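> Pasting the sequence and the predicted coordinates here, then a few questions.
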Amino acid sequence: MSRGGPGPEVHVPRGTSGVDPRAPDPLPGRSSKILGAGGRGPWVALGSTLIFFGLITLLVVSSPGWSKPGGVRDLFFDGALFRGSIWEILQGFVVNVEIFLIAEVLILILALFLAVLRSLPGAVSAPLRLLAIGYSIVFRAVPTILIIFLLGFGMPALELRGLPNGPNADIFWAIVALMLVYSAYVMEVYRAGIESVHPSQAAAARSLGLRRGQALRYVVLPQAVRRVIPPLLNDFIGLQKDSALVALLGVTEGLRQAQIEQATYFNFTPYMSLALVYLVLTLPQVLFVDWLIKRGVRRRAAGAVT
Amino acid sequence: MRKAFLGLVLLTTLAAACASESSEPIASGTDTGSPTSTVPVDPCAVEALPLYAAGTLTIATGNPAYSPWYAGKETAEGAGEWESSGFTGDPYTGEGYESAFAYALAEEMGLAGEVSWVAIPFAKSFAPGAKEFDFAMQQISITDKRAENVDFSAGYFDVNQALIANEGSAAIGATTLADLTDLRLGAPVGTTSFQAIEELVQPTDGGHAYDDLDLAIKDLKNGQLDGVVVDFPTAFYGYADVVVGQFPAVGGVQEQFGLTFSKGSPLVDCVNQAIESMRAAGTLDALKNEWLEVDTSVPTFT
């Protein structure tokens, strides 16, 4: 990722970057085909997979606590309760979606600002760099759940003017807490991207007459951001899952709704429903990130060959 | 490749075999719990009681344990586990309604008042699997929906829900459920207090559920809530300035607290027998008068 001299990549047009689809895999040794190579391989792989997972399923289903009344099947896999609770959980989940979408936009801005602060050159900007470094240390070190607790119950008690104290204070401070914590991670991701751009890039830009800020804006950041999209999306997937922590502040979001259903029926099936909702939400993103990474590897390999 | 495959199959088969083997003794173990050839004269005699630990009632409750259900601080036995403040107590003291009830129940069952306490998160009272206690007692209300997955004892306390608020709140002066619709109301998650908000008030913002009563009270003090719903005796314990009113029973059925057992627990009948004889002897009423101060003149929302 941090290999220097990405010169060719800058000039590669958008799209398939000239890779011949019929060309053999540039990295045959690192093939990630799950079911193995050609020939009999896939069938054997399929067979062993079916047997393996079949036996695990059998292990669970035949366990003594699975089928007895009040056992795991009744309390975690109640079909009627699943159908009865999924709609309300989805309605609660809309709140999570609002929260993490707003937070993601704010994080992209704040983290970029902090990353730029941290990579400012010169002795004069030492306090700004220190501020950015201190921020990154503190908010990566303190658990998210504590930040949410402290802001959610502490800040409204200050009765600050101009900030929400009433109805929407919970959601407001939850978003602020998530923004603060995840900006610290995303800031480091940005920084890794900025530092992966070879210094010769900035030097070349300066020699063409661009000012330092312009070199950052037009030469370094575009390359940096493009390279860090996969880890950035990984952080966002983490953020989406952590949006469940907002329940602590009395916001009826997905997790809290599932918990209400759970306590109404003394049954854990609503948690399974919510897990499914998260799976459906994050699975495409996870696959997309994997695809982006693979595409990046392919492009760089193609770039190296030509 | 083939060797690895065979190994895999062998490993999983072995694991499956182990699991089904180890399941046998557990199954037969529960069988011996039911009466066999020698039928005891009294199935609820002390030595016959199917207790988690012989000779003592092992009861699970929350930590913190809230007043007025639990009160005081025991320094000898339960030292360290439960904190005691103006609003919380140590179950080992025998003070507060539920703690006192537990010791009276252990006396009634012939256990010489022997009780040990286990702190659990609420969900553990109904989680599947083996329990490290006989039953849970945490102001848990008996409902039909819950009874599908656990067994409840007979009710040991009749309870209503009430709304508390601080001076200056928009909730002060409300007399009807309709007056409450546009207010911001909160309660601990999973409680019948929260169900009263959801089912009786049906507030426009859906209500606010908290992990714990003290977090709801914190938001009440912060002004983020107009009122908090708690059970009626708790309403008089100083969590807020005013008891605005009490709620009618959901669905017209008197709400009761019950001890919560695993589904099919063999202990329920003996506990019920003890509770009924305590009710008949007036012990429950006496406990109520001793530990709970309520003002029955608080109006009911219409």
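It's in. Numbers count the residues shown, from 1 in each chain, chains lettered A, B, ... in the order given.
> Could you use CA atoms for every contact and neighbour count after this?
OK.
> Show me where the chain dips below the pLDDT cut-off.
You didn't pick a chain, so chain A it is. Per-residue confidence of chain A (counting by pLDDT under 70) places the weak regions at A:1-38, A:165-167, A:304-306.
> um, chain B though
In chain B, residues with pLDDT under 70: B:1-41, B:74-80.
> Just say helix, strand or coil for residue B:264.
coil (DSSP: H, G, I helix; E, B strand; the rest coil).
> correct me, but it touches residue B:149?
No: under the contact definition of CA atoms under 8 Å, residue B:264 does not touch residue B:149, with a separation of 9.6 Å.
> So for the two, which residues contact both of them?
In the contact map built from CA atoms under 8 Å, 6 or more residues apart in numbering or on different chains, the residues linked to both residue B:264 and residue B:149 are residue A:69.
> ok, for residue B:126, nearest residue in space, not its chain neighbours?
Spatial nearest neighbour of residue B:126, excluding adjacent residues (CA to CA, 6 or more residues apart in numbering or on different chains): residue A:266 at 6.0 Å.
> ah, wrong one, I meant residue A:85
residue A:270 (6.2 Å).
> secondary structure element for the one you found?
Secondary-structure assignment from DSSP states H and E places residue A:270 in helix A:269-305.
> who does that helix touch, helix- and strand-wise?
Here helix A:269-305 touches helix A:7-11, helix A:72-76, helix A:79-118, helix A:221-242, helix A:254-265, going by 3 or more CA pairs under 8 Å, 6 or more residues apart in numbering or on different chains; DSSP states H and E.
> check contacts around residue A:279.
With contact set as CA under 8 Å, 6+ apart, residue A:279 has no partners.
> where's it relative to residue B:187, distance?
Between residue A:279 and residue B:187 the distance, using CA to CA, to the nearest Å, works out to 30 Å.
> which of residue B:264 and residue B:149 has more neighbours?
Applying other CA atoms under 10 Å in any protein chain shown to residue B:264 and residue B:149 shows that residue B:149 carries more neighbours, namely 23 against 13.
> unless I'm mixing things up, the more buried one is touching residue B:263, no?
Yes: distance between residue B:149 and residue B:263: 6.2 Å, which falls inside the contact criterion (CA under 8 Å).
> any residues in contact with both of those two?
When contacts are counted by CA under 8 Å, 6+ apart, residue B:149 and residue B:263 have A:69, A:70 as shared neighbours.
> residues in contact with residue A:179?
Each residue near residue A:179 by CA under 8 Å, 6+ apart is listed here: A:103, A:104, A:106, A:107.
> try 10 Å
Under the criterion of CA atoms under 10 Å, 6 or more residues apart in numbering or on different chains, the neighbours of residue A:179 are A:100, A:102-108, A:110-111, A:173, A:186, A:239.
> Export those as a markdown table, with columns for distance to chain B and neighbour count.
Formatted as a markdown table, the entries for those read as follows, by distance: CA to the nearest CA, whole Å; neighbours: other CA atoms under 10 Å in any protein chain shown:
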| residue | distance to chain B | neighbour count |
| --- | --- | --- |
| A:100 | 20 | 24 |
| A:102 | 20 | 14 |
| A:103 | 22 | 24 |
| A:104 | 25 | 21 |
| A:105 | 26 | 11 |
| A:106 | 25 | 18 |
| A:107 | 26 | 26 |
| A:108 | 30 | 17 |
| A:110 | 28 | 18 |
| A:111 | 30 | 25 |
| A:173 | 12 | 26 |
| A:186 | 30 | 27 |
| A:239 | 21 | 20 |
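> May I ask which two of these are separated the most?
Among the contacts of residue A:179, the pair separated by the greatest distance (CA to CA) is A:173 and A:186, at 19.4 Å.
> quick one: secondary structure of the closest residue to chain A within the stretch 151-300 of chain B?
Nearest residue of the stretch 151-300 of chain B to chain A, counting by CA to the nearest CA: residue B:190, 4.5 Å away. On the three-state scheme (three-state DSSP), residue B:190 is labelled coil.
> Quick check, it in contact with residue B:208.
No: checked against CA atoms under 10 Å, the pair residue B:190 and residue B:208 is beyond contact range at 11.3 Å.
> what touches both of these two?
Between them, residue B:190 and residue B:208 share the neighbouring residues residue A:256, with contact defined by CA under 10 Å, 6+ apart.
> Let me see the contact set for residue 215.
All of this is about chain A. Taking CA under 10 Å, 6+ apart as the criterion, residue A:215 is in contact with A:201, A:202, A:203, A:204, A:205, A:206, A:207, A:208, A:209, A:221.
> other chain: chain B
The contact partners of residue B:215, by CA under 10 Å, 6+ apart, come to A:149, A:153, A:248, A:249, A:250, B:186, B:187, B:188, B:209, B:221.
> list the buried ones in stretch A:214-229?
A:215, A:216, A:219, A:220, A:221, A:223, A:224, A:225, A:227, A:228, A:229 (16 or more other CA atoms under 10 Å in any protein chain shown).
> Let me know the distance separating the fifth one from chain B.
Computed with CA to the nearest CA, to the nearest Å, the distance linking residue A:221 and chain B is 42 Å.
> How about that residue, nearest residue that isn't a chain neighbour?
Using CA to CA, 6+ apart and skipping the chain neighbours, the partner closest in space to residue A:221 is residue A:194 (6.5 Å).
> And stretch A:244-258, end to end?
11 Å.
> make that stretch B:186-198, sorry
The stretch stretch B:186-198 measures 10 Å between its terminal residues, going by CA to CA.
> Which residues of the stretch 1-150 of chain A lie near chain B?
The stretch 1-150 of chain A comes close to chain B at residues A:41, A:44-45, A:47-49, A:51-60, A:62-66, A:68-76, A:149, as judged by CA under 10 Å from any CA of the partner chain.
> For PyMOL, write the select line for the buried members of those residues.
Below is the selection syntax for PyMOL that covers the buried ones among the residues of the stretch 1-150 of chain A next to chain B, with 16+ other CA under 10 Å defining burial:
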select buried, chain A and resi 44+45+48+51+52+55+56+59+60+63+64+65+66+69+70+71+72+73+74+75+76+149
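> Mind checking which of the residues of the stretch 1-150 of chain A next to chain B land in helices?
A:41, A:44-45, A:47-49, A:51-60, A:64-66, A:72-76, A:149 (DSSP state H).
> Checking my notes, the residue nearest to residue A:221 in a helix, right?
Yes: per three-state DSSP, residue A:194 lies within a helix segment.
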